[in-house]
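# quick one, fold the following:
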Amino acid sequence: MKKIFKLIKKVCLAIFILYGLNVMTDAAGVMIPINYFSVATVSFLGIPGLLSLIVMFFVL
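You can find the predicted model right below:
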């Protein structure tokens, strides 16, 4: 049961982090979509996952 709550907590935090990033970088034109892939990446990898999504935004 603790593992399920820990996973839910990570997913919620990832969604809030992605939303916060989108709000802060809206003026710069950077937008990382909030979908299953991006939420899973940030949930499991944390800040390095978020940075990798930002790099993929600029490369692709």
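# which residues in this protein form helices?
2-24, 36-45, 47-59 (DSSP state H).
# report the mean per-residue pLDDT for the shortest one.
Per-residue pLDDT over helix 36-45 has a mean of 96.
# can you give me the buried ones in that helix?
S38, V39, T41, V42, S43 (16 or more other CB atoms under 10 Å). Quick note: C-beta positions are derived from backbone N, CA and C, even for glycine.
# name the residues that touch it?
Contact with helix 36-45 is made by 7, 10-11, 13-15, 17-18, 32, 49-50, 52-53, as judged by CB atoms under 8 Å, 6 or more residues apart in numbering.
# go with 7 Å
Applying CB atoms under 7 Å, 6 or more residues apart in numbering, the external contacts of helix 36-45 come out as K10, V11, A14, I15, I17, L18, I32, G49, L50, S52, L53.
# and the buried ones among those residues, selectable in ChimeraX?
Selection command for ChimeraX covering only the buried members of the contacts of helix 36-45, criterion 16+ other CB under 10 Å:
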select :10,14,17,18,32,49,50,53
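# which of the contacts of helix 36-45 sits closest to L60?
Taking CB to CB as the measure, L60 lies nearest L53 of those, at 10.5 Å.
# residues contacting the closest one?
I32, S38, T41.
# so it versus T25, what's the distance?
Applying CB to CB, to the nearest Å, the value for L53 to T25 is 12 Å.
# with adjacent residues omitted, what lies nearest to L18?
I34 (5.0 Å; CB to CB, 6 or more residues apart in numbering).
# contacting residues for the one you found?
Taking CB under 7 Å, 6+ apart, one finds I15, L18, Y19 in contact with I34.
# from memory the second one sits against I32, does it?
It stands for L18. Yes - in this structure, L18 is within contact of I32 by CB atoms under 7 Å, at 5.9 Å.
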